[in-house]
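S.K.: this is the structure alone, sequence omitted:
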C-alpha cells in the first residue's frame, strides 16, 4: 500500500503538481485509509428493513412450520378421498398342512379311499383376490372429496392468517426498537440542552450577573434527573425489542443486525369512509375465509354422512387359486375342492349397511357441527367490523396527536433558543429557560409516542382488513 502511495505522489510531481496540491491529496489519502481501517475493525452489522425482518421471522416461525404441516396433512386427506373413485384390491394368501389324498374309487356300491396312509401329510397354498370398483354411492365419495378440498384451501388460508399475525408482532417490536432508539437520541439532546444551560449559568455566576443565582444550578440537576431516567427506560425498551426481534428472526446470539429505519415515518393518508374498510375486511380477512371454507366442508360432510344410510353399488372381479401337490384334483363342477382349484369371474353387487340409530346420530352430530360453525361466522361478522372501526378511529386519533405534538415540539425548541438568547443577554430568567427545556422534552417524547401509536394503529388496521403490507 505504501509503495502504491509513493508511486502516486511521484506521478503528481512529474505532472507538475505544486506542494499545496500534493499536501491536499496526502491528507485525503490519510483520512480515506483511516476510515477504511476503522470500517474493517468495526463489527459488521447487516442492515435490514421492516419487510426483510418480517420475511425472516415468518421463515423461522415454528407456528408457520406447524401450519405447513397441517396443510400437508389436509392434502393427504384430499388424496385419500380422491382415491375412493379407484378400484380397491383385497388379497388373502394361505399356506398350511393338509392330508394327502388320491381320487376315490367306486367298488360295487361303495366309495373307497385309496390313500395309502392316514398319516400322509402334505402342504397346500391358496390365494383369494377381490378387486372392487365403486359404481354409484349416493355421494359418499364425492362429498368427502369436496370436504377435503375445502379443507386444503382452509389450511392454506390459515398460513396467510398466521403470517399476518407474525407480521403484526414484528411491526410492533420493530417500531418499538426504532422508537426507543429515537427516544435515546431525544434524551441525549435534552440532556445537552440542560448541560448547555448549566454552562451558561456557571459562566454568568462567575461573571457576577444579577439574573442568575446559584440555586438555579441545583434546579438544572433536578430537571436533568427525569431525562436520565427516561434515557434508561428507552435503553431498556430498545434492548428488549432487539432481543425479541432476534428471537423471532431465528438469529444466533453472535449475529447482529441494524434496523434500516432510524426514525418512525409519518405518512398521513387520506382516510376513506369506515364502511369501505369493513367491506374489505369481510371480503379479505383470512379468518372469515377460513370460516366460509369450513362451513362448505362441513356441509359436504353432512351430505356424506347422510349418504352412508343408502346402499353402494359396485362391480367386482373375484378370483381364488389353490393347489396341493399331494392331492389329486377332481374335475367335477358339482364337487368343490378347497385345495385344488382356479376360479375367477366378474360380478356386480350392492352393499347396504343397516343399524338402529347409529347412522342417524352421526348425521345429527355433523349437522350440529355445521350449526356451530354458522354461529361462529355470525359472531365474526359482528366482531370484525368492531375491530376495524376501533383501529380506524385509533389511526385518526394518533394522526391528530402526531401533528399537534410535532408543532408543539418545534415551538418549544424555538422557545429554548429564544430563552437562551435572552438569558445570555441578561434580559431573560433562568426559570423561563428551564421550563422551555422541560416542555421540549415532554413534547418531543409525546411526539415520538404518538408517532409509534400512529404507525402501530395503521398496522392493526391493515391486519383487521386482512391486507398483506410487506
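M.R.: Yep, that arrived. Everything quoted here is computed from the prediction, not taken from an experiment.

S.K.: quick check: the nearest residue to residue 264 once chain neighbours are set aside vs residue 182, distance?
M.R.: Nearest residue to residue 264 in three dimensions, chain neighbours excluded: residue 451, at 4.5 Å (C-beta to C-beta, 6 or more residues apart in numbering). Every C-beta, even on glycine, is put in place using the N, C-alpha and C of the backbone. Using C-beta to C-beta, to the nearest Å, residue 451 is found at 8 Å from residue 182.

S.K.: what do you get for residue 195?
M.R.: Distance from residue 195 to residue 182, by C-beta to C-beta: 20 Å.

S.K.: the more surrounded of these two?
M.R.: Set residue 195 next to residue 182 and count neighbours by other C-beta atoms under 10 Å: residue 182 wins out with 21 against 12.

S.K.: which helices and strands does the host helix or strand of the residue nearest to residue 264 pack with?
M.R.: Residue 451 belongs to helix 430-465 when assigned by DSSP states H and E. The elements that helix 430-465 packs onto, with contact taken as 3 or more C-beta pairs under 8 Å, 6 or more residues apart in numbering; DSSP states H and E, are helix 140-206, helix 215-249, helix 274-284, helix 358-425.

S.K.: among these, which is nearest residue 299?
M.R.: helix 358-425 (6.2 Å; C-beta to C-beta).

S.K.: which neighbouring elements make contact with the closest one?
M.R.: helix 140-206, helix 274-284, helix 286-307, helix 430-465.

S.K.: contacts for the third one next, please.
M.R.: With contact meaning C-beta atoms under 8 Å, 6 or more residues apart in numbering, helix 286-307 is reached by 137-140, 143-144, 146-148, 150-151, 153-154, 157-158, 160-161, 164, 281-282, 359, 362-363, 366-367, 369-370, 373-374, 376-377, 380-381, 384, 466.

S.K.: let's see 7 Å
M.R.: 137-140, 143-144, 146-147, 150-151, 153-154, 157-158, 160-161, 164, 282, 362-363, 366-367, 369-370, 373-374, 376-377, 380, 384, 466 (C-beta atoms under 7 Å, 6 or more residues apart in numbering).

S.K.: and the lowest mean pLDDT element among the helices and strands of this structure?
M.R.: helix 19-41 (a mean of 37; mean pLDDT, DSSP states H and E).

S.K.: filter the contacts of helix 286-307 to the buried ones?
M.R.: With burial judged by 16 or more other C-beta atoms under 10 Å, the buried subset of the contacts of helix 286-307 is 137-140, 143-144, 146-147, 150-151, 153-154, 157-158, 160-161, 164, 282, 362-363, 366-367, 370, 373, 377, 380, 384, 466.

S.K.: mind listing what the spatially most central residue of the chain touches?
M.R.: What sits nearest the mean C-alpha location of the chain, by C-alpha atoms, centre = their mean, is residue 163, with 2.7 Å. Residue 163 makes contact with 58, 64 under the criterion C-beta under 7 Å, 6+ apart.

S.K.: so residue 284 is in contact with residue 464, correct?
M.R.: No. Assessed by C-beta atoms under 7 Å, residue 284 is found out of contact with residue 464, at 10.1 Å.

S.K.: what's around the closest residue to residue 370 other than its chain neighbours, how many residues?
M.R.: Spatially, and ignoring its direct neighbours in sequence, residue 370 is nearest to residue 298 (4.4 Å; C-beta to C-beta, 6+ apart). Look at residue 298: counted by other C-beta under 10 Å, it has 21 neighbours.

S.K.: just for this protein, where's the confidence low?
M.R.: Across the chain, residues meeting the criterion (pLDDT under 70) sit at 1-44, 116-119, 210.

S.K.: which segments of it make up each domain?
M.R.: Here the domain parsing of the chain from automatic domain parsing is 1-35, 52-96+122-465.

S.K.: winner for burial among those?
M.R.: Greatest average neighbour count among these goes to domain 52-96+122-465 (a mean of 16), per mean count of other C-beta atoms under 10 Å.

S.K.: measure that domain end to end?
M.R.: Counting by C-alpha to C-alpha, to the nearest Å, you get 22 Å between the two ends of domain 52-96+122-465.

S.K.: residue 208: what secondary structure?
M.R.: Following DSSP: H, G, I helix; E, B strand; the rest coil, the label given to residue 208 is coil.

S.K.: give me the phi and psi for it.
M.R.: Per-residue torsions, residue 208: phi 80, psi 30 (degrees, to the nearest 10).

S.K.: go on, residue 47?
M.R.: The phi and psi values for residue 47, taken as degrees, to the nearest 10, are phi -90, psi 120.

S.K.: quick one: contacts for it?
M.R.: Contact analysis of residue 47 by C-beta under 7 Å, 6+ apart lists 258, 260.

S.K.: and residue 134, that's in a helix?
M.R.: No. Residue 134: not assigned to a helix; according to three-state DSSP it is strand.

S.K.: residue 314 is in contact with that one, correct?
M.R.: Yes. Taking contacts as C-beta under 7 Å, residue 134 lies within contact range of residue 314: 5.3 Å.
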